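> could you work out the structure for the sequence below:
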Amino acid sequence: MQPIGCRRHAFARRLFAIFSIVLCLGGLRTAHASELFDNTITFLNGRIVLENPVSRCTGTCGVHVFAGSFLDTDMTEVFGLEGYVAPWNWTYGTSNIAGGAVSRRLATVFQSVDLEAELGFGQRFGGGAHATESWAAFYLRWHRFPWNRYLHTTVAVSTGLSYASRIDDIEVERSPSATSRLLHYFSPEVTFARPDHQHVKLVLRLHHRSGGRDYVFGDTDIFNGVSGGAQYLTAGLKYQF
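As a prediction, this is how the structure comes out:
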């Protein structure tokens, strides 16, 4: 049996290998491409559009800045997986986070779902938390809602890896039996924008890192058996260009 650390590193290598493959696919030329830096490649009569990640940004890139407070209510209660707690009854800690992220759209499927890649960092402060977080993730974003002509809305979920520079007490309290600097990054979000100014969005995100429990990875040791991790309810602005 491989040591736990080796399995974690192997998992990380596989995830980032997939990340690299998708980026490369976005830049492949086809027989009909006239230049290496064509913006898009389409399949199935335009139902699938791959963006070229080395082309100029044409509304496909984003910069996101945010800040938020530690959310003490468990994610399983936020989403009703193990009981349900209404938002007005959520409890918060004294720790906070501020940070930023850059993203790029990689593909659009059926003009409804976008695949995006994101790299980000955040700094915790207050409440005895001092760790710096960094993450790499993929987001799937649904952007077709019937009210978009009045308030443009998107909903997205992510999967990726999050690394913390240290283990803060807030993570030890949520998973006292095991800790890990490397955890799964799952941070659902919703965005709102004016229909005539969609390049500037209000972003509400549940910034969350944990071992995933049985809901994501089952009974594995990928993240050293960690159950919970740190999570923050954040608000921010995203500018697309």
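> and K238, how far from Y185?
Counting by C-beta to C-beta, to the nearest Å, the gap from K238 to Y185 is 17 Å. No exception for glycine: its C-beta is placed from N, CA and C like everyone else's.
> so which residues of the chain form helices?
Per DSSP state H, the chain carries helices over the ranges 4-26, 75-78, 169-174, 213-216.
> which residues does the residue nearest in space to the middle of the chain bridge with?
The centroid of the chain falls nearest to S158 when counting by C-alpha atoms, centre = their mean (3.9 Å). Beta-bridge pairing for S158 (DSSP bridges): Y139.
> tell me the contacts of it?
Applying C-beta atoms under 8 Å, 6 or more residues apart in numbering to S158 gives the contacts E118, A137, F138, Y139, L140, Y185, F186, S187, P188, E189.
> show me what counts as buried in stretch 156-176.
Neighbour counts over stretch 156-176 (16 or more other C-beta atoms under 10 Å) mark 156, 158, 160-164, 167-168, 170-171, 174-175 as buried.
> wait, which of the residues you listed is closest to L206?
S158 (10.2 Å; C-beta to C-beta).
> what are the ranges of the strands in this structure?
Assigned by DSSP state E, the chain shows strands spanning 40-43, 48-51, 61-71, 92-109, 113-125, 132-142, 152-164, 182-185, 189-194, 197-210, 231-240.
> just name the most buried of the ones you listed.
Highest mean neighbour count of those: strand 182-185, a mean of 25 (counted as mean count of other C-beta atoms under 10 Å).
> ok so, going back, what's the farthest-apart pair in the buried residues of stretch 156-176?
Farthest-apart pair in the buried residues of stretch 156-176 is A156 and I167; separation 28.0 Å (C-beta to C-beta).
> rewinding a little: got the contacts of S158 as a markdown table, with distance to L204 and pLDDT columns?
Formatted as a markdown table, the contacts of S158 follow (distance: C-beta to C-beta, whole Å; pLDDT from 0 to 100):
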| residue | distance to L204 | pLDDT |
| --- | --- | --- |
| E118 | 16 | 98 |
| A137 | 17 | 98 |
| F138 | 20 | 98 |
| Y139 | 14 | 98 |
| L140 | 17 | 98 |
| Y185 | 17 | 95 |
| F186 | 15 | 94 |
| S187 | 11 | 96 |
| P188 | 10 | 97 |
| E189 | 6 | 98 |
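> so Y232 is in contact with D72, correct?
No. In this structure, Y232 is not within contact of D72 by C-beta atoms under 8 Å, at 10.5 Å.
> show me what I97 is bridged to.
Going by DSSP bridges, I97 forms beta bridges with G68, R124.
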